[in-house]
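**Q** model this:
(one chain, ligands or ions: 2)
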Amino acid sequence: MIEGKIVTIGEILVEIMATTLGHGFLEAQTLIGPFPSGAPAIFIDQVGKLGHPAAIVSAVGDDDFGTVNLERLKQDGVDVSAVAIHPGAATGSAFVRYRPDGGRDFVFNMRDSAAGRIAATPEAGAVLAEAGHLHVMGSGLPVPAVFGMVSASIPAIKARGGTVSFDPNIRVEMLRDPAGKAAFQTVLAATDLFLPSGEELSLFSGEADEGRAIAALLDAGVKEIVLKRGKAGASHFDRDGRTDVPGFIVEEIDPTGAGDSFGATFLVARRLGKSVEDCLRYANAAGARTVTVKGPMEGTSSFAELDAFIAATPVGAA
Ligand code: ATP
Ligand code: MG
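**A** Ligands and ions are numbered 1, 2, ... in the order given. You can find the predicted model right below:
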């Protein structure tokens, strides 16, 4: 491991949320937002809050939605020098409504927004040149320039002793597209820390059985795997075996963003040299805090907040 910033590349969005449960957006309704959002943005905000050097390569429009995000990221310690501001493009957005069954309906404006125009700028090059760690978020890979920067910077980061983590954050459709699948495989082959959740494990390894899926990934060269299990907590796997840590018992208000703040917290704790068990406990706490508040980035945490939460919150059955 080397010193240096944790850098991620990908979409910055605002989230606008329906205030009632139901199906979609076919009638006029009450909404709340804009909340700063975008999986890579939530991730890097959490890194910044933990006091670790952090930067994001992205793009926003010259509008209030962009400002909301930039101000929040700056306030939380994230270097936004490589976030391009596109005059004439709108900042990306995601409208979300929760269904009574726990599912979600989305209206995304990403491809045709500033987030769809992320490009390899000189500022991006400068930030990537000083990265000690690259975190790849699968949701951004369909943007060609994002995959271009990811695949170009991985060998450079590795050559100077840096490391790579990968959260697939995937929708099944992305893997049906051959180019999408190839992009995911390229990143996976270089991944030190893989952070799947739920069925993503079997999607990637091609093995339905959890044990065989883990073995296949470790054989392929992934050094550490952390499987996110929602309210049940998380499990860590490496060549030395497995470690399970149960989740915290909280009331879930808004699940979006849990996986992103979980991943950021595990990564930072690991870089600080904490034990696997402590890293999982901190990451579970970060994920659990995120789900207790409305808005995906509203529940990101400092170490002091995580310590207080851990001391005060009961843990579920192992
Ligand atoms: P995302 O929706 O952000 O993509 P994910 O599917 O990647 O999430 P999850 O497993 O849902 O990841 O959540 C990540 C972590 O957050 C879990 O491993 C757990 O530690 C914590 N967490 C999530 N939901 C809950 C909950 N309802 N109660 C307690 N902890 C939770
Ligand atoms: Mg996820």
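**Q** for the closest residue to residue 9 other than its chain neighbours, give its distance to residue 238.
**A** Counting by CB to CB, 6 or more residues apart in numbering, residue 9 lies nearest to residue 57, which is 4.3 Å off, once chain neighbours are set aside. Quick note: C-beta positions are derived from backbone N, CA and C, even for glycine. Residue 57 sits 29 Å away from residue 238, going by CB to CB, to the nearest Å.
**Q** in terms of neighbours, single out the busier of those two.
**A** residue 57 (32 against 16; other CB atoms under 10 Å).
**Q** wait, what's in contact with the more buried one?
**A** For residue 57, the contacting residues are 7, 8, 9, 10, 82, 83, 118, 124, 127, 128, 149, by CB atoms under 8 Å, 6 or more residues apart in numbering.
**Q** residue 274 is in what secondary structure piece?
**A** Using DSSP states H and E, residue 274 maps to neither a helix nor a strand.
**Q** shouldn't it be in contact with residue 282?
**A** Yes - the pair residue 274 and residue 282 passes the contact test of CB atoms under 8 Å, sitting 7.3 Å apart.
**Q** more neighbours: these two, which one.
**A** Comparing residue 274 with residue 282 by other CB under 10 Å, the one with more neighbours is residue 282, at 26 against 15.
**Q** can you tell me the SS state at that one?
**A** When classified by DSSP: H, G, I helix; E, B strand; the rest coil, residue 282 comes out as helix.
**Q** ok, now how distant is it from residue 190?
**A** From residue 282 to residue 190 the distance is 25 Å (CB to CB).
**Q** who in the stretch 101-250 of the chain is up against ligand 1?
**A** 169, 197, 198, 228, 229, 230, 231, 233, 234, 247, 248, 250 (CB under 6 Å from any ligand atom).
**Q** hmm, which of these is lowest in pLDDT?
**A** Minimum pLDDT for those is recorded at residue 198 (83).
**Q** number of residues surrounding that residue?
**A** When neighbours are defined as other CB under 10 Å, residue 198 has 12 of them.
**Q** tally of neighbours for the residue in the chain positioned nearest to ligand 2?
**A** Of all residues in the chain, residue 259 sits closest to ligand 2, at 3.1 Å by CB to the ion. By the criterion of other CB under 10 Å, residue 259 has 27 neighbours.
**Q** for residue 84, same thing?
**A** Counted with other CB under 10 Å, the neighbours of residue 84 add up to 17.
**Q** correct me, but it touches residue 119?
**A** Yes - contact criterion CB under 8 Å: residue 84 and residue 119 qualify, at 6.8 Å.
**Q** identify the contacts common to the two.
**A** Common neighbours of residue 84 and residue 119 (CB under 8 Å, 6+ apart) are residue 59.
**Q** partners of residue 245 in the sheet?
**A** With DSSP bridges applied, residue 245 shows beta-bridge pairing to residue 234.
**Q** surely it and residue 285 touch.
**A** No - applying CB under 8 Å, one finds residue 245 not in contact with residue 285, separated by 10.1 Å.
**Q** higher neighbour count, these two?
**A** residue 285 (27 against 21).
**Q** quick one, helices of the stretch 201-318 of the chain?
**A** Counting by DSSP state H, counting those that start in this stretch, the stretch 201-318 of the chain has helices at residues 210-219, 258-271, 276-291, 303-312.
**Q** got the end-to-end distance for stretch 134-148?
**A** Stretch 134-148 has an end-to-end distance of 14 Å (CA to CA, to the nearest Å).
**Q** no, scratch that, I was asking about stretch 1-15
**A** By CA to CA, the extent of stretch 1-15 from end to end equals 35 Å.
**Q** which positions in the stretch 51-200 of the chain make contact with ligand 2?
**A** Contacts of the stretch 51-200 of the chain with ligand 2, taken as CB under 5 Å from the ion, map to 169, 197.
**Q** one more pass at 8 Å, please.
**A** The stretch 51-200 of the chain has residues 167, 168, 169, 195, 197, 200 near ligand 2, with proximity defined as CB under 8 Å from the ion.
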